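Asker: Return atomic coordinates for the entry below.
(chains A and B)
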2 protein chains.
Amino acid sequence: MKALVYDGPEALGFREVPDAEAAPGQHLVKVMSVGICGSDMHAYLGHDARRPAPLILGHEAAGVIIGGPRAGERVTVNPLVSCGTCAACTAGTGNLCADRMIISLPPREGAFAQLVAMRDENLVTVPDHVSYDAACLAEPIACGWHAVRLAKRVVPDAAHALVIGGGAIGLGAALSLSAQGITDVTILEPNDLRRTALNGLCQQRAISPDDLPADALFDVVIDAVGFAATRATASAHARPGGVIAHIGLGEATGGLDVRRMTLQEITFIGTYTYTAQDFRDTAQAIFDSRLGPLNWTEARPLSDGAQAFVDIRSGKTAAPKIVLRPFD
Amino acid sequence: MKALVYDGPEALGFREVPDAEAAPGQHLVKVMSVGICGSDMHAYLGHDARRPAPLILGHEAAGVIIGGPRAGERVTVNPLVSCGTCAACTAGTGNLCADRMIISLPPREGAFAQLVAMRDENLVTVPDHVSYDAACLAEPIACGWHAVRLAKRVVPDAAHALVIGGGAIGLGAALSLSAQGITDVTILEPNDLRRTALNGLCQQRAISPDDLPADALFDVVIDAVGFAATRATASAHARPGGVIAHIGLGEATGGLDVRRMTLQEITFIGTYTYTAQDFRDTAQAIFDSRLGPLNWTEARPLSDGAQAFVDIRSGKTAAPKIVLRPFD
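Answerer: Residues are numbered from 1 along each chain as shown, chains lettered A, B, ... in the order given. Coordinates of the predicted model:
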């Protein structure tokens, strides 16, 4: 099969590699669309010690099952595999399983390839009217869907939300907020090109961080970036009794105004990926058009993947998500 | 009336001052017992700009109503006064009211005095079998009661808890955990004298921070101290999916391992005081003996209050709470 292989910092090679193989209980999926995630970029830059070269990156995939009892079925791939038997798994929180694994992290190869192997229960059937480009968004949007669900557990009647960061995770969170009933959403995005796309094609309200009034307060703040500076913004703009849902993994510490959070009873929720149910719920919301038209992706052939990484890195892409197609 | 007046950093004077007066809607309470809080110590040391000298400190009071329709009623005082009409108040969260006030913070004088004025709805009737020394613990324990209630909202089936800090707030949190069904509680307390009292008279399990195993994990961690170092401990020892309830106001920022909190979905809840319902629930738990014998206070005359502050400051007091009696 053809694959885009990470060969070391800022080096990606598109070449022939041995076909992925399905182990017992797994299916082989012909990958039709696979998104580029911030964590792929992180690895590409050589910043992720867990992802040593050579490795096939990519974990946001949709495609069609080859062979076996589900042959021909169009599917989107939940890339997170958990043990299924520990306390976290049996409680429905497989994302907290101590043995959780994700494709694109050794020993599992990723989906920047024509084939990927995945176990049966992680493959969610996609109806014919949904494109592969839209279906592969289930994974990144599920992160926001999950964060919104956890935030609503603390503030069930939330009406006003701020999303920090207008990349795919932030946009997915904004779409999830609306789909879950929180329709007054503001996105903070410093990049002009991105902000224009958010306000135009994506039909969101996105502003520059400089334009956020100092006294603006929100029931829910979603930090889709996770740096000390964005956490400072989050803890300054959550209302008393409000909630910060924190998805980003930019910096390990710092930024939170803990004194204000204590005096004003602000809750901070660390959120990581999604549960299997969140993934299915997000996919269903895509299928039912509850997340909008999802026409804001930019598709490129997988063979041009290396250039896509260069373009994202340089901030020259307006689209919140570039989707690679292994068979274009 | 006699009062203990804060005259400036580390200066307290016991002397005659004008009687407190009840405004319309208020009662005059003859103070029988009033506890010394960490925030009183903070002000005494000159570290609280909101509490300029001269000022009567103290907000943990129990006593008896003088005059008016409730004359002779034994009461414990909820010192937190909120507007009653804003969104936070009407939602039952008066502790988040933007106009909240507490006695001992100007313009309201505190309760280190023979008389204090308080509005009707903040006075909770105390049954005859409960001592004033026990009744005045409703306020500090309500802080822990409230924190535990909020923590259980996130982890309803919590079984194992760690409390950081074994002062009155930490002990109150430990007692509240037990009363609310979380009976496996460990308290971290570095002071030998305090730890001995916690393990003896207070019937708790208290250990030195040095003796906490590095891999120990808890469903709920309550930080009753609020320094960067204690928050580091809290974020290292909350289990995946667990919760940190943060009461302390030691340092404004730092300490939280946000990366771990994100990857392991740990929730941090800022908690401030208590709602009116929490206060009543705590008082009722005291009246029903659900918080234990509460025989761990040390009573001294209010006239000796200055020495009590000196002794607490020097770490020479074993009792988790010193209660001052204006009429001894």
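Asker: all helices of the stretch 1-150 of chain A, in order?
Answerer: A:38-44, A:87-90, A:132-135, A:138-154 (DSSP state H, counting those that start in this stretch).
Asker: What parts of chain A come near chain B?
Answerer: For chain A, the contact set with chain B under C-beta under 8 Å from any C-beta of the partner chain comprises A:88, A:91, A:93, A:95-96, A:98, A:150, A:153-154, A:226, A:231, A:240-241, A:246-249, A:251-272. In this view, the C-beta of every residue, glycine as well, is placed from N, C-alpha and C.
Asker: repeat that for 7 Å
Answerer: Contacts of chain A with chain B, taken as C-beta under 7 Å from any C-beta of the partner chain, map to A:88, A:93, A:96, A:226, A:231, A:240-241, A:246, A:249, A:252-253, A:256-259, A:261-272.
Asker: how near is the spatially most central residue of chain A to A:Ser82?
Answerer: Taking C-alpha atoms, centre = their mean, the centroid of chain A lies closest to A:Pro140, which sits 2.2 Å from it. Computed as C-beta to C-beta, to the nearest Å, the A:Pro140 to A:Ser82 distance reads 19 Å.
Asker: again with A:Asp257
Answerer: Remark: distance between A:Asp257 and A:Ser82 (C-beta to C-beta) = 34 Å.
Asker: same thing with A:Thr186?
Answerer: For A:Thr186 relative to A:Ser82 (C-beta to C-beta), the value is 34 Å.
Asker: In the stretch 51-200 of chain A, which residue sits closest to chain B?
Answerer: A:Leu96 (4.3 Å; C-beta to the nearest C-beta).
Asker: Tell me if I'm right that that residue and B:Pro240 touch.
Answerer: Yes: using C-beta atoms under 7 Å, A:Leu96 is in contact with B:Pro240, at 4.3 Å.
Asker: Have a look at those two and say which one is more surrounded.
Answerer: A count of neighbours by other C-beta atoms under 10 Å in any protein chain shown puts A:Leu96 above the other of A:Leu96 and B:Pro240, at 24 against 21.
Asker: if we can go back for a sec, give me the common contacts of A:Leu96 and B:Pro240.
Answerer: Shared contacts of A:Leu96 and B:Pro240, defined by C-beta atoms under 7 Å, 6 or more residues apart in numbering or on different chains, are found at A:Ala88, B:Gln264, B:Glu265.
Asker: quick one: the residue nearest to the centre of chain A from B:Tyr44, how far?
Answerer: Noted for A:Pro140: a distance of 54 Å to B:Tyr44, by C-beta to C-beta.
Asker: again, but for A:Met261
Answerer: 26 Å.
Asker: again, but for A:Ser39
Answerer: Between A:Ser39 and B:Tyr44 the distance is 51 Å, computed by C-beta to C-beta.
Asker: Those two: who's more crowded?
Answerer: The neighbour comparison of A:Ser39 against B:Tyr44 (other C-beta under 10 Å) goes to B:Tyr44, with 25 against 20.
Asker: And the shared contacts of A:Leu96 and B:Pro240, which is closest to B:Ala319?
Answerer: Of all the shared contacts of A:Leu96 and B:Pro240, B:Ala319 sits closest to B:Gln264, with 37.4 Å by C-beta to C-beta.
Asker: which residues does that closest one contact?
Answerer: Applying C-beta under 7 Å, 6+ apart, the residues contacting B:Gln264 are A:Leu96, A:Gly270, B:Pro240.
Asker: Next, give phi and psi for the last one.
Answerer: Backbone torsions of B:Pro240, given as degrees, to the nearest 10, read phi -50, psi 130.
Asker: Burial check on A:Gly35, number of neighbours?
Answerer: Around A:Gly35 there are 23 residues (other C-beta under 10 Å).
Asker: Wait, it touches A:His59, no?
Answerer: No: counting by C-beta under 7 Å, A:Gly35 sits too far from A:His59 to count as a contact (8.6 Å).
Asker: Quick check: neighbours shared by those two?
Answerer: Taking C-beta under 7 Å, 6+ apart as the contact criterion, A:Gly35 and A:His59 have no common neighbours.
Asker: tell me the domain boundaries of chain A?
Answerer: A:2-137+A:294-325, A:141-270 (automatic domain parsing).
Asker: most tightly surrounded among those?
Answerer: domain A:141-270 (a mean of 22; mean count of other C-beta atoms under 10 Å in any protein chain shown).
Asker: and it, average pLDDT?
Answerer: For domain A:141-270, mean pLDDT rounds to 96.
Asker: Likewise for stretch A:15-23?
Answerer: Mean predicted confidence for stretch A:15-23 is 96.
Asker: quick one: contacts of that stretch?
Answerer: Taking C-beta under 7 Å, 6+ apart as the rule, stretch A:15-23 contacts A:Met1, A:Lys2, A:Ala3, A:Val5, A:Leu28, A:Glu109, A:Ala113, A:Leu115, A:Val116, A:Ala117.
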